[in-house]
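>>> Next one to model:
(chains A and B)
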Number of protein chains: 2
Amino acid sequence: MSRPVLVVGAGPAGLAAAYALGSVGARAVVVEKEPRLGGAPILSGYAKLVPSGEWAKDAIGGMVSRVESHPLVSVHRGCTVESLSGEPGAFQARLSNGTMLDVGAAILATGFTHFDSINKPEWGFGTYPDVVTTTQVEQMISSGRGIRCPSDGRKPERVAILLCVGSRDRQIGREWCSKICCTVSCNIAMEIREELPDCHVYIYYMDIRTFGLYETKYYWQSQEEFKVKYIKARIAEVTSNGEKLIVKGEDTLVKRPITIPFDMVVHAIGMDPNVDNKHIAAAFGVELQQHGYIDKGSAYGALGETSRPGVFVAGAATGPETIDDSIAQGNAAAMAAFALVNRVTAAPVAA
Amino acid sequence: MSRPVLVVGAGPAGLAAAYALGSVGARAVVVEKEPRLGGAPILSGYAKLVPSGEWAKDAIGGMVSRVESHPLVSVHRGCTVESLSGEPGAFQARLSNGTMLDVGAAILATGFTHFDSINKPEWGFGTYPDVVTTTQVEQMISSGRGIRCPSDGRKPERVAILLCVGSRDRQIGREWCSKICCTVSCNIAMEIREELPDCHVYIYYMDIRTFGLYETKYYWQSQEEFKVKYIKARIAEVTSNGEKLIVKGEDTLVKRPITIPFDMVVHAIGMDPNVDNKHIAAAFGVELQQHGYIDKGSAYGALGETSRPGVFVAGAATGPETIDDSIAQGNAAAMAAFALVNRVTAAPVAA
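Numbering: from 1, shown residues only, chains lettered A, B, ... in the order given. Presented below is the predicted three-dimensional model:
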């Protein structure tokens, strides 16, 4: 039997890769640094996912159960990979808990780190309790507590969602776009309007990037069915008059300064490279790209190749990514890794 | 040995699926309606691909060669699938050339149809020869002839690229976004500026959707290194004064009417559902979604499931898609199909 494939990280990409390997009769060993599987959708308590509308705890939770119960998949929780030595088809991985693993290939599904809004202080996070992040709103919804102002628990009557917090912003060293925050924000806006029909929801944007079929399902539906308002603006700061939060900036379409009161301001936070990427790159001997994501080769050969043969990468480890595309890439990396371990097993020299 | 997997369509998604199957020891049968493999990038003569910068004829051409020379992959060119009967693991496909195939699963990688700009007559295509499409510009570049005005062969001094032609446009029944035209247009703009350094290139847009890492590589680079100019505008019409093309509309940022002369106007055309989708849906017994693309299930189970068990879908058949994501989905669908034919082969009842 061929050697197992090491899958590092158990978010959507890693879960997809591990299950795919098991489903074709290959062994996978999952190493997850957290005590629980599921990645950001589970650990950060996401609510209903884009674009399926299924609850994260059901959709990604189902992927977790499938992996945990699969006879060909073993799981190491609460530990990391400290080094990977050897060659494609015959690697040795040393885990932080001392375990040594013989594996044929590795898939890095090590994900991203949510942008910390404290690094955009002029927009009020950390100063005003009613300035929250998209992740916090997801948690309000998924917990069943509902959308409430953290300061006093009241239902907000006016909510502003600010896009591109930690994205497309050179001042703070993040010039990339985080790809999915526009659509996630449209989704959250509709969920707020659904729970609180009297609440007015505004989205302040540079460009609305509800690409592909998200355009119909999120951008149009949020405006027409849910009456979410979109304002192209450059936001200067978020302050408070003691009663309300005040969003100040310039409406870039009418070229007028705006000063608008809100009960709650939501930062649509971006996807930073995983804060551990330097350590991961050193442990696996792979290169990072200019922004600090794990570098990948072009897609025409074996998808998800890194700079080190036999080590593949999938999902948001490579840059801001959607859950669906992370899953596709996890499957694709599993296919490439499976082909590798199969080939090595079949070849006479490795027999 | 398990039954082969039928792969319908030999663009990036289908080529990826067929090769992936072969690479893990499974058989694939590719059915392509055109006499040549490669899909849009080859048949429409694309130039350098997003985001790798590799020439389509090399990158996708390499995928074609790999499939054509693979001992486990057979190819039927110039024919279509007329019907698929049977059950998952034991389907019978009837081809238009009379061939009958026993297959275990099917992957629809049937792609899209380029929007025909003739359906947006007020923007001058079909009336003025120097109004062209992004595909025609790709062909000018890939053929080595260079960027020239079709009317008289001169080098254009001023080029306008109009985004969202056949996308985000309810007047003509296309409210979806075509996902990749913004980035492709940035890429083309840089290629024009590289070949013709004295040519001024303007991009007229509603929203710039260079999502994820495309932001840095295309949006910023095109402005800063290549001096491409971006104007947020609503274009009313493209006419001619006898010497120059005239683009008329409104600059939506300064709220002023614009009337600007150009030598060449480029339509960034969108991705329609494959014109054959009704026939494909009937032949395979699968559902289409609201806009006419092939409907797919949510991503958390086996990726690329259609409404019919054992029939999978990948790439732009499901909606506007990038080449890289099409390849990922092709691999993922191959993984799901391979797991299915393997399971059927391994199960005692099917032995």
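
>>> host element of A:Ala40?
According to DSSP states H and E, A:Ala40 maps onto helix A:39-43.

>>> What are the buried residues along the helix or strand following that helix?
Where DSSP H and E defines the elements, the next helix or strand beyond helix A:39-43 is helix A:56-68. By neighbour count on 16 or more other C-beta atoms under 10 Å in any protein chain shown, the buried set for helix A:56-68 is A:Ala56, A:Lys57, A:Ala59, A:Ile60, A:Gly61, A:Met63, A:Val64, A:Arg66, A:Val67. C-beta: built from backbone N, CA, C; applies to glycine.

>>> if we can go back for a sec, any part of the helix holding A:Ala40 near chain B?
No - interface with chain B: helix A:39-43 contributes nothing (C-beta under 8 Å from any C-beta of the partner chain), its closest point being 10.2 Å away.

>>> for that helix, packing partners?
Here helix A:39-43 touches helix A:12-23, helix A:56-68, going by 3 or more C-beta pairs under 8 Å, 6 or more residues apart in numbering or on different chains; DSSP states H and E.

>>> mind listing what's buried in the longest helix belonging to chain A?
With DSSP state H setting the assignment, residue counts place helix A:323-346 as the longest helix in chain A. For helix A:323-346, a neighbour-count test (16+ other C-beta under 10 Å) marks A:323-344 as buried.

>>> again with stretch A:82-90
Quick answer for stretch A:82-90 (16+ other C-beta under 10 Å): A:Leu84, A:Pro88, A:Gly89, A:Ala90.

>>> Determine which two of those are furthest apart.
A:Leu84 and A:Gly89 (12.9 Å; C-beta to C-beta).

>>> Would you confirm that A:Val64 contacts A:Gly38?
Yes - the pair A:Val64 / A:Gly38 is scored as a contact, 5.1 Å apart, by C-beta atoms under 8 Å.

>>> Overlap of the contact sets of the two?
Common contact partners of A:Val64 and A:Gly38 (C-beta atoms under 8 Å, 6 or more residues apart in numbering or on different chains): A:Ala10, A:Leu15.

>>> Need the pLDDT of the residue lying closest to A:Val311 once chain neighbours are set aside.
The shortest distance from A:Val311 to any non-neighbouring residue, by C-beta to C-beta, 6 or more residues apart in numbering or on different chains, is to A:Ala106 (4.8 Å). Listed pLDDT for A:Ala106 reads 98.

>>> List the residues that contact A:Ala106.
So A:Ala106 contacts A:5-8, A:81, A:84, A:91, A:93, A:284, A:310-312, A:337 (C-beta under 8 Å, 6+ apart).

>>> Likewise for A:Phe115?
A:Phe115 sits in contact with A:Val165, A:Gly166, A:Ser167, A:Arg174, A:Ser178, A:Ile269, A:Gly270, A:Met271, A:Asp272, where contact means C-beta under 8 Å, 6+ apart.

>>> Please apply the same query to A:Ala332.
A:Leu303, A:Gly304, A:Ala314, B:Ala16, B:Ala20, B:Ile327, B:Ala328, B:Asn331, B:Ala332, B:Met335.

>>> cutoff 10 Å now
A:13, A:16-17, A:20, A:299, A:302-304, A:312, A:314, B:16, B:20, B:303, B:324-325, B:327-335 (C-beta atoms under 10 Å, 6 or more residues apart in numbering or on different chains).

>>> One more: A:Ser151?
Per C-beta under 10 Å, 6+ apart, neighbours of A:Ser151: A:Tyr128, A:Pro129, A:Asp130, A:Val131, A:Leu245, A:Asp263, A:Met264.

>>> So which of the buried residues of stretch A:82-90 are in strands?
Of the buried residues of stretch A:82-90, the ones assigned to strands by DSSP state E are A:Leu84, A:Ala90.

>>> on that earlier part again, check the contacts of A:Phe115 against chain B, which are close?
A:Ser167, A:Arg174, A:Ser178, A:Met271 (C-beta under 10 Å from any C-beta of the partner chain).

>>> Helix, strand, or coil at A:Arg308?
Using DSSP: H, G, I helix; E, B strand; the rest coil, the structure places A:Arg308 in coil.

>>> Can you give me the neighbour number for it?
A:Arg308 has 18 neighbouring residues, counting by other C-beta atoms under 10 Å in any protein chain shown.

>>> Return the distance of it relative to B:Ser69.
27 Å (C-beta to C-beta, to the nearest Å).

>>> biggest strand in chain A by residues?
Secondary structure of chain A per DSSP E: the longest strand is strand A:229-240.

>>> Also compute the angle for the helix or strand following that one relative to strand A:229-240, please.
The helix or strand immediately downstream of strand A:229-240 is strand A:245-251, counting by DSSP H and E. Here the directions of strand A:245-251 and strand A:229-240 differ by 130 degrees (axes from the mean of the first three to the mean of the last three C-alpha atoms, to 10 degrees).
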